[in-house]
Structure formats: structure tokens, C-alpha cells
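Engineer: Next input, structure requested:
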Amino acid sequence: MELLRFQQACLAFGTNPILDHVDFSLFSGERVCLVGRNGAGKSSFLKLLTGQQNLDDGQVVVNSGVVLSRLEQDPPAKMQTKIADFIREGAGDLADKLQQFYTLSENLDGAGDAEYRLFEQLQNEMDTRDGWSLEARVSDICQQFEMDPDASLATLSGGWLRKAALARALIAKPDILLLDEPTNHLDLAAIQWLEQFLLNFNGAIIFISHDRAFIRALATRIVDLDRGELTSHPGNYQEYLDRKQKMLEDEQKHNALFDKRLAEEEVWIRQGIKARRTRNEGRVRALKALRQERAARLEQQGKVDFNIEQANRSGKLVFEGKGISLAFNGKPVMDKLDLLVMRGDRIALVGPNGVGKSSLIKVLLNDYQVDSGEVKRGTNLEVAYFDQHRIALDLEATVQDNVADGKQEVQHNGQSRHVLSYLQDFLFAPARARTPVKALSGGEKNRLLLAKLFARPSNLLILDEPTNDLDVETLELLEDILQQYQGTVLLVSHDREFVNNTVTSSLLFAGNGRIIEIAGGYDDVTAYQARQATKAKVTSEKTVAASQSVAAEMPTEPADKPLVNALVNNPKKLSYKEKRELELLPQQIEQLDAELSALQLQVNDPEFFKQNAADSQQTLNLLQQTESKLALAYARWEQLEALNS
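Structural biologist: Have a look, this model is predicted:
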């Protein structure tokens, strides 16, 4: 069933068209991902649906009775408001009208006709909008999202604020859910929870995201917004990428042929009198039409073109930590951590929000003093720090002043460049470069921060959530730049695909101060966690089985005390077969341990993940199987040892 549609919708800001006579329909159960470059107008598209923005021409038709809710791009501000009250506001005026109904119901005695009519009107509205269940829904959604309804928003982290905002959007029981960058500020566990939640959501969804893994998991249709045109691509994200590339190539060929024809006609018109003969007036009119078409044609937006100003090489050793321990309020963040970071390493810091990733960075940079242990820092370190909160940006200053500190030139790769020329590499036109930073979109602010960082020499990049709000093309270029960067990179990001394509190893923050180094990116971390979970499950099952086996040999109701003492002092003897098995187990464990070490050496080799994906996956599967066999052997050895003691 069609829920809403755009009919010949037109919207422009100045000379920049956002929608140019666009048609669009949304149907029940669809999960539509709206993609496009930063500044293409994706957020404006969502605002048109919620009435926050009006069309210049055309219309938006939403079917009667269809309820829309929107999750804003930025998390709500921390304030002294109860979570339950904040969520309840998502129902609009429903809560106020429900309270008004109860107030009237208590004062109906002696009420006039106007009060009775208002009472009946409110009662009908509560029936229609299911207002009677509002408080129950608030309670249920707080329980479902594992939030304390009486807690204050001021106590929540960024990830929990996003959860509260999503709960607020859902309280109205929307038929259409609008999500603007829903994965921003969420850690991996929260993103995976959100994916599953949205997959089970019964309504339709329109969402904006640059998290490619999230799009692949969720979208049933991709809608591309490019230079005022809206193009629908049914199917998965990879199919969209293939079709989009072909469309751009076809457009480029068409434009080349068009420009060639226009050039030929321009040569002809300059021949003079022959072009003005009556029989050629039609050709002259056609040329004028070609000129108008060329003037109206919108060129494809340029690509970001940047590279990092690299300083002189740092020392071979960048950071070395020995026995580092740090705790806050008795909660361990690092517990006897040994860490070695060498020049050229690209390391991702992986773990839930609040687990201590930023604390480790501050320890390495000497902003925090450790409780115990030693941190050694390398020589000649030039640090460029990308902060997810963009503290380095002056919101009141212009774009160019943020980069050049009020000067007209910047030094980049040993050459002097005009700041406006440099900023064009980051897609800031001269007029935009003179705009105050506070007027920029989230993606533009991140591009500006990258421009500010990359204009200064560095050999150590620390990137804290650099991928938020960046469009996919910029993300892919940033991936390429980081892979070519000769310095050292420490990266905090919850964009799984970006991490997989960028780093050589990961530091997994496993909780309780434990930090584990793993070769590879997010996929390798996930595989490690799965292996550990399997190993723990197998060990637990074997321990339970051994306990049950011993318990089964014991009489359920001892006849007398001497018999109980005899059973305790003289446990079940091993059979010959079990004794032989116990003798051979140490040799089997030693062999399995050697095989496991050899496999781990293969996986830890930097060249391992450059080989064919099928070959690497086969080795990873064998590694997992060997770990399981070793866990089983240990469990069996412990069981037989217990019986033999």
C-alpha cells in the first residue's frame, strides 16, 4: 500500500536545486536508504515530510491516518529531564490532552455544555489515537530499551541519548520512521542492536546513513539524490553501486558527444553570412537551444581531493607501555597492559562506549597519569588529532580562518597555496569558504576538520570517529589516503567497513581493564569473540557433563554413613581404556597446541589478509576448529584427572 508520494516536487536554495520536478512513492514495509553527497539535500528531503520545510512547487501527499516520526541527526542535548518525560513528548499533544481529559472528568459536576462537548471531543480523540495506553507504552519502551524512566537525560552517554531519541520517535506508533544518520555516536553493540530492532519494525523506514555495513544489512531499496534528481534502485547496496557507476559513465559519454556537437555548431555560426541565411535559421535556433541546455546542465559535483602533509619520520618506536594500570572510581580501565606501537602501525581501538578507548589515547599522549606501570614515547612525534566533538573548530569564525588562522596562504607539501584553492580540494567553493562554521552541515564540519588537520605536518594521526556524517565517496578516499600514509594511525570508529579497509590490527577492550591485540579489523575481532564464546561454551558443557557423570555414580540415598565415607575416600576407579586415554591426552594436547601456534603465526602475518578471501577464511575456520579440539582435550583431561585422583 502506498503511504506517501511526491508529485513534481521542486525545492532550491539560491541557484542550487535540491529537488527538480521529482516524483517518489513509499510503500508499506519498505526500508529505503536515501544516499547522496554532503549538501545534496538529504536532510531537507526528510524535513519536507515532517512539514519543517516547504516545497517551492509540486506537492507532498501523505495518506490519511499515516503517522510519521523522525530521529534527528544529532543526539538530544543533555538536560535535567526525566527519560520518561522526554519519551512522552514524542507523542506530541497527546499527553497534554490526556491530562486535560482526566482533569475535566474530575470536575464534570456542574459543568456547562462547552465543557461536556470538550470532554466528549477529548474522549473520541483518545479512542482514535490510542491515548489510553500512552503511559503503558512509555513504561514498556523504557523496559525494552533497558532505560530507567526516572533517570535524567543529563546522566546518559552519547549512545544512550540516541537510544532515548529513538524511543521518543517510536512512542507515537509511527507508520513511517525517518532516521537521519542513526548510527552516529553508537558503538558496535548498539549498532547491531539497532539493526535487529529496525529489521523487526513493522512500519516503513526512510533512513540516511553513510555506514555501508548498516545499509547492506537494512535497505530494501536505495534512492539516490544527485543534483536535484531522485533515482530509485531496487535491490541491495552493491547492485546500486554498480548501476550508479554505469550511469555516471554513460552520462560522461553523452556529455562528451554533446560538447563535441556544440563545438562544431559554434564553429559553423562563426562562418558569418552563411549562418544567417533563411534556410539556416532553424539551425541557428537549434544552436541557441544547445547553448541553453549546456548552461542548464549541472556538472557532477567534484570529488574531494586531499592528501596529508607528512612530517619527518618519527622514531621506529612510537609508544611502548609496560604494566600500565589505570582506574576511575575503583573501576579498572587498563589492567597491567603491555603495548607496543611501531612506526607505520594502523591500529583500531574497538569496544563499547565508555570502556576506556579515549582514556588510552590520553595516557599515550601524556594527558593522563597512570596508576602504575610505565609509558615510553618515541622521538620526533608530530601529532594530528581529530576529535569527534570538533573542539578544534571555532564555530563563529569562517571556514578559511579556521584553516589559515586569518592568513591568505597555507603551507602544504612544502609549497605555499592560497587558502581558497586549498579548500576547494575539500569541496568548499570560495563563497562557502567565507561562511561561518556554525552554518555548515555535520559532514561539512568533518571535512573542514580534516582540511585543518591535513594542512599541518604530522607523522602520528589520531582519529576519533572521523567517519560521522561523511559521504561514501569521501570515506573511500580517506581510506585510500590512510593506506598510503607513511606515519602511524590510531583510529576509533564504529564504522565496520571503514575499519576493515584501513587498519592492520585492533585493540579489543574486553572489559575489566583487559585489552587484547588482534590482527586485522572488525571482522577479525568478531571472529575472535565468536571463538572465545564457543570455547567457553564447550568448556562449560564439559564441566557440567563431568559433574553429572560423577554424580550419577553416587547413590541418591546412601544407606548408611560408613558407605558414604567409603565412596568419598575411594572414588570410582578408571577403566583400562580410560587410563590409556589419560596417558595419551598430554601428547594430544601438546600436538594441538603446536598446530594452534602455527596457525596463529599465519594469521598474525601482515600479508595474511592480502591473499584470496576464500583461502584466508579456510585458515580461520581451521584455527577455530583447532581451538575447539584443544578446549575439548583440556576438558577431558581435567575430567579423567579428577576421577583418577
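Engineer: Give the next helix or strand downstream of the lowest-mean-pLDDT helix or strand in the chain.
Structural biologist: Within the chain, confidence by mean pLDDT, DSSP states H and E is lowest for helix 561-569 among all helices and strands, at a mean of 40. Under the assignment DSSP states H and E, the closest C-terminal helix or strand after helix 561-569 is helix 576-604.
Engineer: packing partners for that next one?
Structural biologist: The contact analysis (3 or more C-beta pairs under 8 Å, 6 or more residues apart in numbering; DSSP states H and E) places helix 576-604 against helix 613-644. (Glycine included, C-beta is placed from N, CA and C.)
Engineer: List the buried residues of the helix it packs on.
Structural biologist: 616, 620, 623-624, 626-637, 639-640, 643 (16 or more other C-beta atoms under 10 Å).
Engineer: now it and helix 576-604, what's the angle there?
Structural biologist: Angle, helix 613-644 to helix 576-604, by axes from the mean of the first three to the mean of the last three C-alpha atoms, to 10 degrees: 150 degrees.
Engineer: give the contact list for the nearest residue to residue 630 once chain neighbours are set aside.
Structural biologist: Nearest non-adjacent residue to residue 630, counting by C-beta to C-beta, 6 or more residues apart in numbering: residue 592, 4.4 Å away. Counting by C-beta atoms under 8 Å, 6 or more residues apart in numbering, residue 592 makes contact with 626, 629-630, 633.
Engineer: how about these in a markdown table, adding pLDDT?
Structural biologist: Listed next are the contacts of residue 592 as a markdown table, based on pLDDT from 0 to 100:
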| residue | pLDDT |
| --- | --- |
| 626 | 81 |
| 629 | 82 |
| 630 | 78 |
| 633 | 80 |
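Engineer: from those, which is closest to residue 183?
Structural biologist: Set against residue 183, the nearest of the contacts of residue 592 by C-beta to C-beta is residue 626 (35.3 Å).
Engineer: Was I right to think that closest one contacts residue 596?
Structural biologist: Yes: in this structure residue 626 lies within contact range of residue 596 using C-beta atoms under 8 Å: 4.9 Å.
Engineer: Quick check: which ranges of the stretch 51-200 of the chain have low pLDDT?
Structural biologist: Within the stretch 51-200 of the chain, the segments meeting pLDDT under 70 span 108-111.
Engineer: now the strands for it?
Structural biologist: Along the stretch 51-200 of the chain, counting by DSSP state E, counting those that start in this stretch, strands occupy 57-62, 68-71, 176-180.
Engineer: so of those strands, which one's packed in deepest?
Structural biologist: strand 176-180 (a mean of 23; mean count of other C-beta atoms under 10 Å).
Engineer: Dump that strand to PDB, keeping only the CA atoms.
Structural biologist: Output of strand 176-180 as PDB, limited to C-alpha atoms (Å, rounded to 0.1, in the frame of the first residue of the first chain):
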ATOM      1  CA  ILE A 176       6.800   5.700   8.800                       C
ATOM      2  CA  LEU A 177      10.100   6.200  10.700                       C
ATOM      3  CA  LEU A 178      12.500   8.800   9.400                       C
ATOM      4  CA  LEU A 179      16.100   8.300  10.600                       C
ATOM      5  CA  ASP A 180      18.900  10.800   9.900                       C
END
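Engineer: Note down every partner strand of it and its orientation.
Structural biologist: Strand 176-180 has the following strand partners under DSSP bridges: strand 68-71 (parallel), strand 204-208 (parallel).
Engineer: got the contacts of residue 592 as CSV, with distance to residue 258 columns?
Structural biologist: Compiled in CSV, the contacts of residue 592 are given as follows (distance: C-beta to C-beta, whole Å):
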residue, distance to residue 258
626, 62
629, 66
630, 67
633, 72
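Engineer: Name the nearest of these relative to residue 587.
Structural biologist: residue 633 (10.2 Å).
Engineer: surely the closest one meets residue 588?
Structural biologist: Yes: using C-beta under 8 Å, residue 633 is in contact with residue 588, at 5.5 Å.
Engineer: Contact partners for residue 408?
Structural biologist: So residue 408 contacts 418-419 (C-beta under 8 Å, 6+ apart).
Engineer: how near is the residue nearest to residue 630 to residue 627?
Structural biologist: From residue 592 across to residue 627, the span is 9 Å (C-beta to C-beta, to the nearest Å).
Engineer: Check residue 516 too.
Structural biologist: Counting by C-beta to C-beta - residue 516 and residue 627 are separated by 15 Å.
Engineer: so where's the stretch 401-550 of the chain uncertain?
Structural biologist: 413-414, 541-550.
Engineer: What count of nearby residues applies to the closest residue in space to residue 122 that isn't next to it in sequence?
Structural biologist: Spatial nearest neighbour of residue 122, excluding adjacent residues (C-beta to C-beta, 6+ apart): residue 101 at 4.2 Å. For residue 101, the neighbour count with other C-beta atoms under 10 Å is 19.
Engineer: wait, doesn't residue 101 sit right on residue 126?
Structural biologist: Yes: Residue 101 is within contact range of residue 126, at 6.2 Å (criterion: C-beta under 8 Å).
Engineer: Confirm for me that residue 386 is in contact with residue 451.
Structural biologist: No: using C-beta under 8 Å as the test, residue 386 is too far from residue 451 to be in contact (11.3 Å).
Engineer: quick one: which of these two has more around it?
Structural biologist: Higher neighbour count among residue 386 and residue 451: residue 451, with 24 against 20, using other C-beta under 10 Å.
Engineer: tell me which element that one is part of?
Structural biologist: Per DSSP H and E, residue 451 falls inside helix 442-454.
Engineer: What of residue 402?
Structural biologist: For residue 402, the host element (DSSP H and E) is helix 399-404.
Engineer: What is that helix packed up against?
Structural biologist: Secondary structure elements in contact with helix 399-404, counted by 3+ C-beta pairs under 8 Å, 6+ apart, are helix 419-424, helix 430-433, helix 442-454.
Engineer: Which residue, other than its chain neighbours, is closest to residue 74?
Structural biologist: Of all residues not flanking residue 74 in the chain, residue 442 sits nearest, at 7.3 Å (C-beta to C-beta, 6+ apart).
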